[in-house]
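Student: Attaching a predicted model along with its sequence, questions to come.
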Amino acid sequence: MSQELISQLKKIRETNGRINADQSWVVQNKARMLTQIKNTVPEEPVKFNLHMVWQAMEVLLPGRVVYSVVRPMAVFILVGGIALSGWITSASATENCLPGEMCYGVKMAVEKTQEVIVNVTGSNDAKTQMHLEFASRRANEVKQVIAKNDSNSSAQATETIKMLEESLQSVRDNFSKLGVDKPERAKEITKEITKKTEEIKTKLEDVKVLIADNMNKVLAEAQVVNKEITTNTLPVLESASAEATADKKVLEDKKATTTPIVISTTTVIVSEEKPGLTIDEVLAKLNEATASSVQTEQKISDSDKSVKEAVASNLASTTPSVAVPIINTTSTTSSL
Amino acid sequence: MVRILNEKWLVYQVRAKKDPEAFASLYDLYVEKIYRFVYFKINNKEDAEDIVSSVFLKVWSYLIEYTEKEIDSFSGLIYKIARNLVIDHYREKGKIKKEDLEDFEELPAEENNYETVATNMEVEQLMVVIKKMKQDYQEVLLLKHVEELSTAEIAEILGKSQVGVRITLHRAIKKLQEMVNKK
């Protein structure tokens, strides 16, 4: 009975009449509505923002899931990814770092982290293999450090060899534990361990050869230097010494013969005309100059006197009635 | 499933890009349903048309303004807005006149198919009976069996749990049966 009712209810939609909308009204209303809506839409296109990403996800997932799960997870992954990519970049870049280089610290930090993780999560098998790998890396580093052959090589190599020994000890300890816990697995990885240790041995043999080479090089260089000193440098030094001695003698001789230079206050006579005159000579010169100037003065006064006398007699002969006073120039001349 | 995805895509276009054409597509999908829903409640063509116009404008404003609010279901949103506007209409207009509930138009003269005529009369009479029921019962019957919405969508529209909707629906059908039998 209720099924009949339900089927009748479903027919309500198909019924013509007032329950269904008038189609002309539907069309007109749509046009009117779009006009009103378009007035509210800005002319410039909508700029992208992050919220659009979440809205787009809502098409496929429920909104609750997007905002409560997906969005926090995406943020977490993004942050973690940035941190991890930085770690990975630095970790892979440090593979070839050697002791003494700045990035070697990062390399050791990465290995320490790895060790901690394996100690917590890994088995003795994993620990054995990890320490074996570390030992191999240390052997490689020793070889490269010795090959560099700089001033710090021996100290760095010593330190690295110490770390190599520690790694090998860890390999031994973990392998013995593995032998107790899982003897079959221990047998399986024995081959692997043997292979790796052979590689390490080869590298250390190479290190020995390198050290011997370096020592021979150093010795050869020392011999070359010694020869150079003996054949070239010493004679040069000796001749230089002899020259120095000769120069010294010359200097001493010059010192003895050199006359002192007299500095006088009388600028004209001493500095320009006669350098090197003594004070007495300068004074003598001054006296001569003074004497000649006195003589000149006398001559001027004598001629002056005779001119005056001539003028006076001339005047007396031409104009007897006029008395001309005679100007006395003698006192004026003598005062010069 | 395809219909739901299409609808969600249109809603995304409206919210993210303020696309009027996407909203026009949503209008085409929902205008008939919303009209039936509103008309069923208020039983007046002109008022129903006004209310339906207002519903779509309000939905557009909501989608544009509240871009960061979650929308679980577009149908839930639009029916809720329609329901609220009908309530507002009731408040403005007062009680529904009893004549409106019993009055029904004459069937169109061009209908020559007697079976269809008989069916239409049955449907009209059924509608009259439904309108005498409680609002809750009317709504669940209309949304479930006329508009064919899912229980989850009806629950969202009415603000109830799905279990509550199923119980209300069961009771509504039972009541309708009693009233039809009495008649």
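Tutor: Yep, that arrived.
Student: CA atoms for contacts and neighbours, from now on please.
Tutor: Will do.
Student: Which residues of the stretch 1-150 of chain A lie near chain B?
Tutor: The stretch 1-150 of chain A comes close to chain B at residues A:1-2, A:5-6, A:8-13, A:15, A:18-21, A:26, A:29-30, A:33-34, A:37-38, A:41, A:45-46, A:51-52, A:55-56, A:58-60, A:62-64, as judged by CA under 8 Å from any CA of the partner chain.
Student: What residues of the helix or strand containing B:Trp60 count as buried?
Tutor: Element membership of B:Trp60 [criterion: DSSP states H and E] is helix B:45-65. Applying a neighbour-count criterion of 16 or more other CA atoms under 10 Å in any protein chain shown, one finds B:45, B:48-49, B:51-56, B:58-60, B:63-64 buried in helix B:45-65.
Student: what do you get for stretch B:33-45?
Tutor: In stretch B:33-45, counting by 16+ other CA under 10 Å, buried: B:Lys33, B:Ile34, B:Tyr35, B:Arg36, B:Phe37, B:Val38, B:Tyr39, B:Phe40, B:Lys41, B:Ile42, B:Asn43, B:Lys45.
Student: Check those residues one by one and keep those near chain A.
Tutor: Answer for the buried residues of stretch B:33-45 near chain A (CA under 8 Å from any CA): B:Tyr35, B:Arg36, B:Tyr39, B:Phe40, B:Lys45.
Student: who touches the second one in this structure?
Tutor: Under the criterion of CA atoms under 8 Å, 6 or more residues apart in numbering or on different chains, the contact list for B:Arg36 reads A:Ile19, A:Asn20, A:Ala21.
Student: picking that back up, I'd like the next helix or strand past the helix holding B:Trp60.
Tutor: Next along from helix B:45-65, by DSSP H and E: helix B:74-93.
Student: Now do that following helix and helix B:45-65, the angle between them.
Tutor: For helix B:74-93 against helix B:45-65, the angle by axes from the mean of the first three to the mean of the last three CA atoms, to 10 degrees is 130 degrees.
Student: Quick one: the helices in chain B, in order.
Tutor: Taking DSSP state H to define them, one finds helices in chain B at B:2-17, B:20-42, B:45-65, B:74-93, B:98-102, B:114-130, B:135-141, B:151-158, B:162-182.
Student: Tell me if the last one is near chain A.
Tutor: Yes. Part of helix B:162-182 sits close enough to chain A to count as contact by CA under 8 Å from any CA, namely B:Ile173, B:Lys174, B:Gln177.
Student: Of those - the most surrounded one?
Tutor: B:Ile173 (20 neighbours; other CA atoms under 10 Å in any protein chain shown).
Student: For that one, which non-adjacent residue is spatially closest?
Tutor: The shortest distance from B:Ile173 to any residue other than its chain neighbours is 6.8 Å, reached at A:Ser2 (CA to CA, 6 or more residues apart in numbering or on different chains).
Student: contacting residues for the one you found?
Tutor: With CA under 8 Å, 6+ apart, A:Ser2 has these contacts: B:Ile173, B:Lys174, B:Gln177.
Student: Then B:Arg15?
Tutor: B:Leu63, B:Ile64, B:Thr67.
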